[in-house]
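# Fold the following, please.
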Amino acid sequence: MWTEALKRIVKESIPALVVAASIHIMAGTTMQVTGIEAWLSIPIFLMLVPSISELGNDAACILSSRITTLLALGVVEPKLKRSEDLERNIIAIVVMGVLSSLYMGMINFVVADRAGLASVPILPFLAACVIAVALLTLLVCAVAIAVSFIAWRRGLDPDNVTIPISTSISDLLAIFSLLTAMNIAGFV
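Residues are numbered from 1 along each chain as shown. Down below sits the predicted model:
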């Protein structure tokens, strides 16, 4: 039986999931457009795409959930103004991301080395991992805040829209962040 709450969840979630699916398609297309040959020429970076994407998705989920809670408790208003609670959450997400990027980078390097795919020096590779994840988590924080605030202002339940949209955008930003980091670290 369809309750009012269930109807609202479906009504709000379906458009969010359609937007999320469209963004996922754009992420896949971005990899193709940027030149699959470039990705295949340095396979260790291609190996990073799922890991970095997942780190960004985790950051998006965590921060979106925390913002939703802060909004519901009235601790944060859906306005662009300074909030110590929000700042602490952003700092925690970025620190978690950077520490995770070092671990992820070392694991990826060891696996790539064992498979004969580690054709790059480890320190510049780890630097690229840290740069990519730091950039990604900062961008994901901005997206999670924006999506949460917009959903809240429009009277939508942020739980129904923030995570699918933020994580989808995170997948697209992961590719952008990794390409930017590869460029900064001198790999592209």
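# Closest to the centroid, which residue in the chain?
In the chain, the C-alpha nearest the mean C-alpha coordinate belongs to residue 56, at 2.6 Å (Cα atoms, centre = their mean).
# which one is it nearest to, not counting chain neighbours?
Leaving aside its sequence neighbours, residue 56 sits nearest to residue 170 (Cβ to Cβ, 6 or more residues apart in numbering; 3.7 Å). Using the backbone N, CA and C atoms, a C-beta is placed for each residue, glycine as well.
# for the helix or strand hosting the one you found, packing partners?
Following DSSP states H and E, the helix or strand that holds residue 170 is helix 158-184. Applying 3 or more Cβ pairs under 8 Å, 6 or more residues apart in numbering; DSSP states H and E, we find helix 158-184 packed against helix 4-33, helix 43-73, helix 122-153.
# re the thing from before, my guess is the residue nearest to residue 56 contacts residue 53. True?
Yes. With contact defined as Cβ atoms under 8 Å, residue 170 counts as touching residue 53 (7.0 Å).
# And these two? Which one has more around it.
Shown here are residue 170 and residue 53; by other Cβ atoms under 10 Å, residue 170 has more neighbours (28 against 21).
# residue contacts, that one?
Residues in contact with residue 170 (Cβ atoms under 8 Å, 6 or more residues apart in numbering) are 53, 56, 57, 59, 60, 136, 140, 143.
# didn't the second one look like it was pressed against residue 171?
Yes. Using Cβ under 8 Å as the test, residue 56 is close enough to residue 171 to be in contact (7.1 Å).
# quick revisit: distance-wise, check the residue nearest to residue 56 relative to residue 15.
Here the criterion is Cβ to Cβ, to the nearest Å. By it, residue 170 lies 19 Å from residue 15.
# Equivalent analysis for residue 156, please.
10 Å.
# So for these two, which sits in the more crowded spot?
A direct count of neighbours by other Cβ under 10 Å for residue 156 and residue 15 places residue 156 higher, at 19 against 14.
# Tell me the secondary structure of that one, please.
Assigned state for residue 156: coil (three-state reduction, DSSP: H, G, I helix; E, B strand; the rest coil).
# Going forward, count from 48.
Done: numbering now begins at 48, and the last item shifts to residue 203.
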